[in-house]
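Colleague: what's the 3D shape of this:
(one chain, ligands or ions: 1)
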Amino acid sequence: MRYLATAFLTASTLIALPLSAQDKPLHGIDISDLDRKANPCDDFYDFANGSWRAKNPIPASMVMWSKRWAAGESTKDVLRGILEDAAAKAPNEPPKSTDRLIGDYYAACMDQKAIDALGVKAIAREIAWIRSMASTEDLQPVIQKLNEEAIFVPFTFGSSQDPHNPQSVVADAGAGGLGLPERDYYFKDDAKSKETREKYLQHIAAMFVLAGTDKETSAANAKVVMRMETAFAAASLNNVALRDPHATDHKMSLDDVQKLTPGFNWGTYFESLGLSPDVPVNVDQPKFLEEFQKQLKETPIGDWKTYLTWHVLLSAASSLSTPFVQESFAFHQKYLQGAAEMKPHWKRCVEATDNDLGEALGKKYVEKAFSPEAKARMQEMVKNILLALHDDIQTLTWMSDDTKKKALEKLATFNPKVGYPNNWKDYSSVEITRDAYWVDVVSARRFAVKDDAKLIGKPVDRGRWGMTTPTSNAYYNPLLNEIVFPAGILLPPMFDVNASDAVNYGGIGPVIGHEISHGFDDEGAQFDATGELKNWWTSDDYKKFQERGKCIIDQFDGYTVDGGLHENGKLVEGESIGDLGGVKLAYLAFEKSMEGKPRPANKDGFTPEQQFFISWGQSRGDEIRPDAQRQFVLTNPHPISKYRVLGPLSNSLEFQKAFSCKAGDAMVRPAENRCTIW
Ligand SMILES: [Zn+2]
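Modeller: Model (predicted):
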């Protein structure tokens, strides 16, 4: 891998257009999306896409909307076509073929009549396990069986690369068991947070009623759930604390895990997953396991039954009959995020297939919707943006030569993945029929849990993907030092094989630069070239780097959001470092792509440089509902989109030059407050 990546950095910087694209005129930015009344130096977010947002209100079933979200939703139309076709063909296809697998799954999901007829009986097996418990001693096998169905309560369990030896995979036990979006939801005492907990109690009670419990008992059950979840939340780290990789770094032997929770037999648990007792375990949050032990000792079995039943209902709700689906929607999407109506049934089934059988569906999607030309052009851009950082690091005045050498070493081992995995998962052990949808869901989940557990104790497999192919997103993994771009994000407005360089470098370019920058954000910078959690900075340079991060924390702390909230600078620091670095690196690569060639034409009076920034403003310009915005700001490490446009660009001298913005303009942060990393 090291050699392959090094070749990246020494390759030619010329942009090779795919042959098919060379004869056609390439399309540029969409002028009609601009709000000409807005001043680009005052509010570039409004200027770049204000008109589009005014003409395209958020659809009733969505909580965020933008050209990129619209592209992501239109991918689901393509997937629907694939799945309907597979469902029609499946009965005549051989068992275990991809069409049988995804076609039968989708057909079972779409069979609302059968799902409704079965009602809560679909989860009768899980409920029976829970009901059969007579004492706390019986908890172990039930928790085990629920975990095998990916109902991870109260702790999470799975594989994780060893941050001290990233070539190997260890077991990982984490904190889980909550039904609200984040641990702070249980403790904040503002009026809205109190109301949210009240609504949550009502929601839990309503779900128990649907499951056949009387009203009074259901209301009492909700209180039991709230009490136990609050105790688990109190023993959990919040999302800011979780950004420090050292906070969740506690590798220990199985014996030591056993000492934390004497009431739970980890040996048996390991055995049930086919794991050797010699495999080390990383306990993310030892305090959480101590709380688990406390609850094992103190909580009566009746309360445990209530708590586990709730988590079965929570986990299965979207796969159950219409009343469950509606109640779940009413709390999670409508109340918490402000969605006006549910997504159509077919779309929920498309999303479920992607979630449960993602690499089978993804394989079909690639055949239909992702060309080798698109992959080649994207790989070329990734290469050029890595090169831009390579060149830039060498010119940094704040970093010493020693740290630069290490940074370049890390950059040379970056592994970019574009489009789809080289090897697809083999789902032949998954039993799917059209008879009962929840049984299919469980079958797929059991496969996923086993597929993950089989990695534990083995050398790391670098070929695996953490997102499915049709996903409209991208990621960086510091332990693998990889940047990953699924085919689903490589669509207009982010990327188009037939678009100009200004559009692509301004669209997907900052996303590529963003993922690369994650290798050097507050979290990623703590991992070295091999993925080991190890300081590679000189102490002086690391201090300077943290000061630069502090500038970004202060900038984002200053951004207010409706409802008396403001961005949490510490929570969004990493993503904002990614955005700031991302735009800069993509811009440098774009500039380089123009060298030695005739200058690209202006479009409607906009220079190529202006087109680059407009493309970023247009691909990043999401509109968001106030409730969703609230949840987003409280839980998500990304700033809201408005500030993902305004934040980095108001720090960017290149942007300010392109639009001739002047000191004193809103898009020009005063020199003493201007944040830079690269
Ligand atoms: Zn990111």
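Colleague: can you tell me the closest non-neighbouring residue to the residue in the stretch 201-350 of the chain positioned nearest to the ion?
Modeller: Of all residues in the stretch 201-350 of the chain, R243 sits closest to the ion, at 12.1 Å by Cβ to the ion. C-betas here are computed from N, CA, C, even on glycine. Of all residues not flanking R243 in the chain, E523 sits nearest, at 5.7 Å (Cβ to Cβ, 6 or more residues apart in numbering).
Colleague: roughly how far apart are that neighbour and L242?
Modeller: 10 Å (Cβ to Cβ, to the nearest Å).
Colleague: for the residue in the stretch 251-400 of the chain that the ion sits nearest to, give me its contacts.
Modeller: At 14.7 Å from the ion, I385 is the closest residue in the stretch 251-400 of the chain, using Cβ to the ion. By Cβ atoms under 8 Å, 6 or more residues apart in numbering, the contact set of I385 is G509, I512, G513, I516, L585, A586, A589.
Colleague: just the strands in this structure please.
Modeller: 64-65, 155-162, 165-175, 251-252, 281-283, 415-419, 475-477, 482-486, 560-561, 565-566, 623-624 (DSSP state E).
Colleague: C109: which of those is closest?
Modeller: Of all these, it is strand 482-486 that lies closest to C109, at 22.2 Å by Cβ to Cβ.
Colleague: that closest one packs against which elements?
Modeller: In terms of contacts (3 or more Cβ pairs under 8 Å, 6 or more residues apart in numbering; DSSP states H and E), strand 482-486 is packed against helix 372-395, strand 415-419, strand 475-477, helix 501-518.
Colleague: of those, flag the one that's most buried.
Modeller: With neighbours taken as mean count of other Cβ atoms under 10 Å, these reach their highest mean count in helix 501-518, at a mean of 29.
Colleague: how far does it sit from its chain's centre?
Modeller: 18 Å (Cα atoms, centre = their mean, to the nearest Å).
Colleague: show me where the protein dips below the pLDDT cut-off.
Modeller: Along the chain, the model assigns pLDDT under 70 to residues 1-24.
Colleague: contacts for stretch 326-339?
Modeller: 60-63, 181, 196, 199-200, 203, 206-207, 210, 314, 317-318, 340, 342, 625-628, 631.
Colleague: ok, now with 7 Å
Modeller: For stretch 326-339, contacts defined as Cβ atoms under 7 Å, 6 or more residues apart in numbering pick out 61-63, 181, 199, 203, 206-207, 210, 317-318, 342, 625-628, 631.
Colleague: for stretch 650-665, same thing?
Modeller: Identification of contacts with stretch 650-665 by Cβ under 7 Å, 6+ apart yields 40-42, 580, 583-584, 587, 607, 609-610, 613, 649, 667-669, 674-676.
Colleague: tell me how far that stretch lies from the chain's centre.
Modeller: The answer for stretch 650-665 is 32 Å, by Cα atoms, centre = their mean.
Colleague: one step back: as a markdown table, the strands of the chain with distance to the ion would be great.
Modeller: Shown next, in a markdown table, are these (distance: least, Cβ to the ion, whole Å):
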| stretch | distance to the ion |
| --- | --- |
| strand 64-65 | 16 |
| strand 155-162 | 19 |
| strand 165-175 | 20 |
| strand 251-252 | 26 |
| strand 281-283 | 23 |
| strand 415-419 | 15 |
| strand 475-477 | 7 |
| strand 482-486 | 10 |
| strand 560-561 | 19 |
| strand 565-566 | 20 |
| strand 623-624 | 17 |
